[in-house]
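Got a predicted structure here, sequence first:
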Amino acid sequence: MSNHLTADPFLDREWSIDELSHMMLEVPNIYTMITQLGIFGDPIPLPNRYVGIEIQGMTLNLLQTTQWGGPATKGAVGKRKRHLFEIPHTAHEDMVTGAELQDLRAFGSRAAMMFEDLVGRKLSTMAIKHYLTHEWRRIGALKGVILDADGSTLYNLFTIFGVTQEEVDFSTGGWNQNLRDTDRYLETNLNGDRMTGTAYICSTQFMDALLEDTDIKASYNAAAAMMRQNPNIDDVRKMFIHQNKVFMEYNATFPVLNADGTSTTVKAVEDGEAIIFPLGTIDSAACYASPADFIDTVNTPGLLMYARERFAGQAGGSDGYNRNREFHTQSNFLPLWRRPKLLVKGSIN
């Protein structure tokens, strides 16, 4: 009998939480339009699970966290409202098994797939699901109603802040007049803030109706002519500018979970509608990340994503026979549009 050594990936390789988390963060985000606009900025790391928003005359301020038993922040004289938002906790798990690794070939190769490669593939899929959830929540924040994966409401910003959403029917009154009136509404309700332009996130129907206007179509055609000179831009529907207004068609769909375990496809922007909001404001939008509920991350500044592995046979582990390696991921993330009175719904219905 020959005597030889074989590597056991389930015993010889152990990842740290930092390694796994960085592997997830390096995965490209395929649902990126709202994220890439940079409206909400980079996640603000919180050491706790809550963020406080303070309102005074509709001008918003963050509440700084304080030490237990220490002095509190002081409010100025005047009528103020405070709202406390709990950061949603989103955990997801998957596993790598010996059975699925056995006889699996690396992509484009006849060599056996390495254990690390299969782990990377699993983490990539898990990361994309988290990114998809982030994009879904950002869209909800721009609509003023942040929904969970099952379509239930996490936060209705209009109700919480006690305001009514402005709605504009663009099917009457002419496009340019409605565009001007919408800008005037936003300017009136800035309350000392500033704006550098207006964004329109459009459904396909809204975009098609928009381009029926002669002046707007001219801006669209000018953008298309410039696009042909720029190989990095492949579709002018993704962004063109008319009179300091940025129009973008967003035709993404998201799978919303049903009670029976199936999913229903939901459009990011409902048919015939547009999400309208000011650009360049100082304190309208932000997003927050809370720490994972691991012992070694409690009360530390939150990261966008966390990942951790668990060996089979550990306390609370799987079957105890070292046939799999389990992976647990978390992303405790909340985007907020902190001035919902500046969110306008446009429609052509």
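Sure thing, it's come through.

in the stretch 101-250 of the chain, which spans are helices?
Applying DSSP state H, counting those that start in this stretch to the stretch 101-250 of the chain gives helices spanning 115-143, 157-161, 175-188, 204-210, 214-227.

what's the closest of these to residue 292?
Residue 292 lies closest to helix 115-143 among the helices of the stretch 101-250 of the chain, at 12.3 Å (Cβ to Cβ). For glycine as for every other residue, the C-beta is placed from the backbone atoms N, C-alpha and C.

Near residue 210, how many other residues are there?
Per other Cβ atoms under 10 Å, the neighbour tally for residue 210 reads 22.

With adjacent residues omitted, what lies nearest to it?
In space, and not counting its chain neighbours, residue 210 is closest to residue 216: 5.7 Å by Cβ to Cβ, 6 or more residues apart in numbering.

residues touching the one you found, list them.
175-176, 210, 242, 247 (Cβ atoms under 8 Å, 6 or more residues apart in numbering).

Excluding chain neighbours, what is closest to the residue nearest the centre of the chain?
For the chain, the residue nearest the mean C-alpha position is residue 134 (2.5 Å; Cα atoms, centre = their mean). Distances taken as Cβ to Cβ, 6+ apart place residue 333 nearest to residue 134, at 5.7 Å, with adjacent residues excluded.

beta partners of the one you found?
Going by DSSP bridges, residue 333 is paired in beta bridges with residue 289.

That one and residue 42: what is the separation?
Using Cβ to Cβ, to the nearest Å, residue 333 is found at 12 Å from residue 42.

what is in contact with the two at once?
The contact lists of residue 333 and residue 42 share residue 287, where a contact means Cβ under 8 Å, 6+ apart.

contacting residues for the spatially closest residue to residue 148 that is not a sequence neighbour?
In this structure, residue 148 finds its nearest non-sequential neighbour in residue 154, 5.3 Å apart by Cβ to Cβ, 6+ apart. By Cβ under 8 Å, 6+ apart, the residues touching residue 154 are 88, 137, 140, 146-148.

Mark which of those residues are buried, thanks.
Buried subset of the contacts of residue 154 (neighbour count, 16 or more other Cβ atoms under 10 Å): 88, 137, 140, 146-148.

if you skip the residues just before and after it, what's nearest to residue 284?
residue 339 (4.7 Å).

Any figure for the gap between the closest residue to residue 182 other than its chain neighbours and residue 328?
In this structure, residue 182 finds its nearest non-sequential neighbour in residue 168, 5.6 Å apart by Cβ to Cβ, 6+ apart. Distance, residue 168 to residue 328, by Cβ to Cβ: 45 Å.

cool, and residue 281?
Taking Cβ to Cβ, one finds residue 281 at 38 Å from residue 328.

next one: residue 273
Relative to residue 328, residue 273 is positioned 38 Å away (Cβ to Cβ).

before we move on, what about residue 43?
Distance from residue 43 to residue 328, by Cβ to Cβ: 20 Å.

just for the protein, where's the confidence low?
Residue ranges of the chain with pLDDT under 70: 1-14, 28-29, 31, 55-62, 65, 67, 75-80, 98-115, 228-234, 312-323.

now do 50
For the chain, applying pLDDT under 50 flags the ranges 1-8, 10-11, 58, 106-113.

and stretch 284-295, how far apart are its ends?
From its first residue to its last, stretch 284-295 covers 34 Å (Cα to Cα, to the nearest Å).

can you check stretch 276-294 too?
Stretch 276-294 has an end-to-end distance of 39 Å (Cα to Cα).

on that earlier part again, would you turn the helices of the stretch 101-250 of the chain into TSV with distance to residue 301?
Below are the helices of the stretch 101-250 of the chain laid out as TSV (distance: least, Cβ to Cβ, whole Å):
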stretch	distance to residue 301
helix 115-143	18
helix 157-161	25
helix 175-188	34
helix 204-210	40
helix 214-227	41
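
Specify the stretch among the ones you listed that is closest to residue 54.
Nearest to residue 54, of all the helices of the stretch 101-250 of the chain, is helix 157-161, at 11.7 Å by Cβ to Cβ.
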